[in-house]
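Undergrad: heads up, no residue letters with this:
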C-alpha cells in the first residue's frame with residue numbers, strides 16, 4: 001500500500017513511522033485510489049435519505065435502531081480500496097473493517 005517504502009524495515013519501525021504521520025501524509029503514500037469512510041453513509045443516514053426521498057417519515061422506526069444504525073455503514077464495492085486499518089473476515093462470511 002505504501003510504494004515509497006521500497007526497502008524492507010522491521011515491522012515495528014514501520015508501525016512507528018506510520019503512527020507518527022498525519023492522515024494527509026499517509027494518503028500521499030497510497031498506491032492508488034481509496035474510499036474514505038467519511039464518504040460512506042451510516043445505516044441511519046442511509047435510512048433518513050431514503051425516507052426523505054420517498055416522502056415518508058420513519059422517525060418511529062429509527063428510534064429503536066439508533067444505537068446500532070449510527071455505528072454501522074453498508075458498503076458495496078471493492079473492500080480493498082477502503083481506507084481502514086484492517087479488514088477481518090468474520091464467522092458467517094461477514095466483513096468487519098475498523099475505522100482509522
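TA: Looks like it came in fine. Quick caveat, the model's predicted, so the values are computed rather than measured.
Undergrad: and residue 27, what does it touch?
TA: With contacts defined as CB atoms under 8 Å, 6 or more residues apart in numbering, the neighbours of residue 27 are 34, 83. Every C-beta, even on glycine, is put in place using the N, C-alpha and C of the backbone.
Undergrad: any idea which element it lies in?
TA: Under the criterion of DSSP states H and E, residue 27 resides in helix 23-28.
Undergrad: go on, residue 88?
TA: strand 86-89.
Undergrad: and that strand, which residues are buried?
TA: When burial is assessed from 16 or more other CB atoms under 10 Å, strand 86-89 yields no buried residues.
Undergrad: endpoint to endpoint, stretch 76-85 covers what distance?
TA: 18 Å (CA to CA, to the nearest Å).
Undergrad: and the closest residue to residue 49 other than its chain neighbours, backbone torsions?
TA: Spatial nearest neighbour of residue 49, excluding adjacent residues (CB to CB, 6 or more residues apart in numbering): residue 41 at 7.0 Å. With angles defined as degrees, to the nearest 10, residue 41 sits at phi -70, psi 150.
Undergrad: check residue 41 and give its pLDDT.
TA: pLDDT recorded at residue 41 is 88.
Undergrad: what distance do you get for it to residue 47?
TA: According to CB to CB, to the nearest Å, residue 41 stands 9 Å off from residue 47.
Undergrad: show me where the protein has its helices.
TA: 11-20, 23-28, 43-54, 59-69 (DSSP state H).
Undergrad: hmm, residue 79 is touching residue 88, no?
TA: No: judged on CB atoms under 8 Å, residue 79 makes no contact with residue 88 at a distance of 10.7 Å.
Undergrad: was I right to think residue 46 contacts residue 75?
TA: No: look at residue 46 against residue 75 with CB under 8 Å: they stay out of range, at 10.6 Å.
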